[in-house]
Every structure is written in structure tokens, then in C-alpha cells.
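>>> give me the fold of what follows.
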Amino acid sequence: MTVDVDICNRALVAIGWPGVIPSMTQDSEAAQTCNLVYAALRDELIRLAPWNCAKTMANLQFLTAVPGTPENPTIGTTTWQKQFPAPPWTYEYLLPIDLIRALYVVPQYPTGFSGGIPITTAVTGGIPTFWNGPPVRFNVAMDQPIYTTAAAPANMGQNYKVGDNIILAQPTGIDVPSILTVTSVGPSGSVTSVALYMRGSYSATPVGPQAQGSTTGGGTGATFNLTVTAGVDTKVLLTNQEFAILAYLKRVTDPNQWDSQFQEAMISALASRIALPLMKDLNLAEAKLKDANMRIGVARQGDGNEGLTINNVDPDWIRIRGIDYPLDYGWTPNMNAPFDWGMMLTM
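Okay, the predicted model is just below:
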């Protein structure tokens, strides 16, 4: 079983350090130096290549939508307000907390608006179940939303059914109210629990039990106590894709989950970072850095080419009609596609 200190000791061996460390918390120059750079370097390394050992997918947590969409039937304002996704985007989602780098966004199996209007930029031919269109555009940004993180019934109401969506009342004209889905009911259809369908976006923290504004069912009278996160810097993803799925590189802290290529790259990268402070040898640091970058380059080719690729070479008679997707960075994040992984590790 490999642990963090094993990676550190292999890096120490690589630079010719005399001896090993029993733990990264040891009171020694070698342990303190390794501990100082280890976590940040691991995350930086994950960002630099499509490591299969760090790649995963997740349904994004829906935060808010622009007015006029099925999820937000409110009337919009003349000018953009903070409660809505920033133009030109339609939907805003919370990013996973373990995200290191977003790779690409794809639709669910049934694509298009839940109200029946297809998102034509995402569906380019064939039936939606077999979507194989261009990458869905997105942008990662920082926001300070006021949104619901949990909801519990205050007054349970009556005549609700499991699966009913409850749109809460709109506190102000620019707020995007949360939408709750009934997950269990008691006698007379009283609401006993709900799940968040849309977290909403508020101009101020909602106070007290929030009443129902409307519902997809026939229930009445339910109110809810909301747990709200207010104005905290939060990474979000902006896109025009409803029900978005994100493929991303996640933070993997267990060395046993790393493949051998990533382990060797981490050892070389760590050796390059600690060679100068420990050995005072710039040439050694540069040599280990070159070795780490070589392994990153191999991973960009190898791990990337193990994924799904599609043919982007469109004939002239297709491109002249405006149907051209030359930047298919979504499906082919490797050296042979125009996906910019950025620079290698630097001193």
C-alpha cells in the first residue's frame, strides 16, 4: 500500500538525499520541504494532462436559470441582475468541490428543454438519445450567489404527491425562487420531505418559512424553512445546456488510486521542487523537471487517445454552409486535438 510519505521518499532518493523520512510531519528539513509543496504540486500536476486516474463525470447541481426558461418562469428585468446567470449564458450550476479542471459538458440522454423546446446548439442530428454533436460551450467563473442548500417542511400542507415540484413564492421581482421536489408524503398528502430541484438565487437571505408560489400538482398550504448560503465566493459553471453533465479532473489524494504514469510524474515533479532547497543543485532540479514534463507529455497522448474520439474533418461543401465544428476539444483532449492543456511544469 502506497502512502504520501512513500512518494516523498522516492523523490528524495531521486535527488540523492541521504536517508528517508518516517512521516511528512517529522521535524526535519526534508519532511518540512516535502510537506510544504506536496499538496499544491499534486493538484497542479492533475491539471496538466487528461489522467485517466483522475477523470470522472457528475450531474451538476442546478443553481439558477434566466427568466423565460421552464425552470425559471419569472418575468425578467430590463438589465441583468446578479440573481441571473451572466450573459450570454442560460444556466448556472455549482461545481463539484473536488474539481481540479473542467473538461467538457454533455447533455443527458433526453436532451433539450424539459418543456419540449430543443436546444439546437446541442443537438445536431439523429435522435437525442444518440447525441454526437459539437462540444457544449461553457465557462467556469466565480460568483457570490445567495442560494438554498437544504429545505424542510414547516407546514406540511395537503394533497401533495411524490414527484410534485413546488415553486416557492418570489420574495422580490428580481429573485429566482427555489424549486423543491416532493420526495415523501404523509396522511392526506402532507409533505414530509423534499429535495432541491433548483437552488434559486436571491438578492437577500430569505427570512422565515417560505410559502408556495405554485406547484405542478394539486397540493396547497405547504411552507418551508430554508438553509441558505449567502454571498460566499463560489466556483460556478455557466452554460446553455439544461441538465448538464460535466466531465472533469478531480482531486485524487490517495496514491493507491494513481496509475503508475501519474506516480512517476509526481515523483519527478516533487524531486524537481525539492532538489534546489535541499541539495542546492539547480542542474539536478532542471533535470528532474524535464523528466516530469516528459511524463506529462506521454500522458497527454496516451490517456487522451484512450478516450472517445470523433472525426472533425468536415468536407468543404459542409463547412461553406456554416456547419463546422473544428474545435472539438470536448471529446478529444489530447495532443492531436486543439485542446490547450497549457504549459508544462516550470521552475
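
>>> just give the closest residue to R273, not the sequence neighbours.
With CB to CB, 6 or more residues apart in numbering as the criterion, R273 has its nearest non-adjacent residue at 4.7 Å, and that residue is V37. (Glycine included, C-beta is placed from N, CA and C.)

>>> how about the helix or strand hosting V140: buried residues?
Using DSSP states H and E, V140 maps to strand 138-143. Neighbour counts over strand 138-143 (16 or more other CB atoms under 10 Å) mark 138, 143 as buried.

>>> try stretch 229-245
For stretch 229-245, burial by neighbour count (16+ other CB under 10 Å) applies to 229, 236-245.

>>> ok, the residue lying closest to M198 once chain neighbours are set aside - contacts?
Spatial nearest neighbour of M198, chain neighbours left out: I179 (4.1 Å); criterion: CB to CB, 6+ apart. Contact analysis of I179 by CB atoms under 8 Å, 6 or more residues apart in numbering lists 71, 165-168, 196-198, 200.

>>> got CSV for these, with distance to N225 and pLDDT too?
Converted to CSV, those look like this (distance: CB to CB, whole Å; pLDDT from 0 to 100):
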residue, distance to N225, pLDDT
E71, 22, 78
N165, 18, 93
I166, 14, 94
I167, 17, 91
L168, 11, 93
L196, 13, 91
Y197, 17, 87
M198, 18, 85
G200, 14, 84
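
>>> and of these, the nearest to Q83?
Nearest to Q83 out of the contacts of I179 is G200 (CB to CB; 8.4 Å).

>>> for the residue nearest the centre of the chain, give its distance to L226.
Centroid check for the chain by CA atoms, centre = their mean gives L95 as the closest residue, at 3.9 Å. Distance check for L95 against L226: by CB to CB, to the nearest Å, it reads 22 Å.

>>> ok, back up a step: the residue nearest to R273 should be in a strand, yeah?
No - using DSSP: H, G, I helix; E, B strand; the rest coil, the assignment for V37 is helix, not a strand.

>>> give me the number of residues near it?
The burial count assigned to V37 is 18, neighbours taken as other CB atoms under 10 Å.

>>> ok, the one 5 residues further on next?
Counted with other CB under 10 Å, the burial measure for R42 works out to 22 neighbours.

>>> same thing with P187?
Neighbours of P187 under the rule other CB under 10 Å: 8.

>>> just L99 next, same as before
When neighbours are counted by other CB under 10 Å, L99 comes out with 17.

>>> give me the pLDDT for it.
Per-residue pLDDT puts L99 at 95.

>>> re the thing from before, and the pLDDT at the residue nearest to the centre of the chain?
Looking at L95, its pLDDT is 93.

>>> same check, this time on the one 10 residues further on
The confidence metric pLDDT takes the value 86 at V105.

>>> which ones are touching it?
Residues counted as contacts of V105 (CB under 8 Å, 6+ apart) are 135-138, 237, 239, 241, 244-247, 330.
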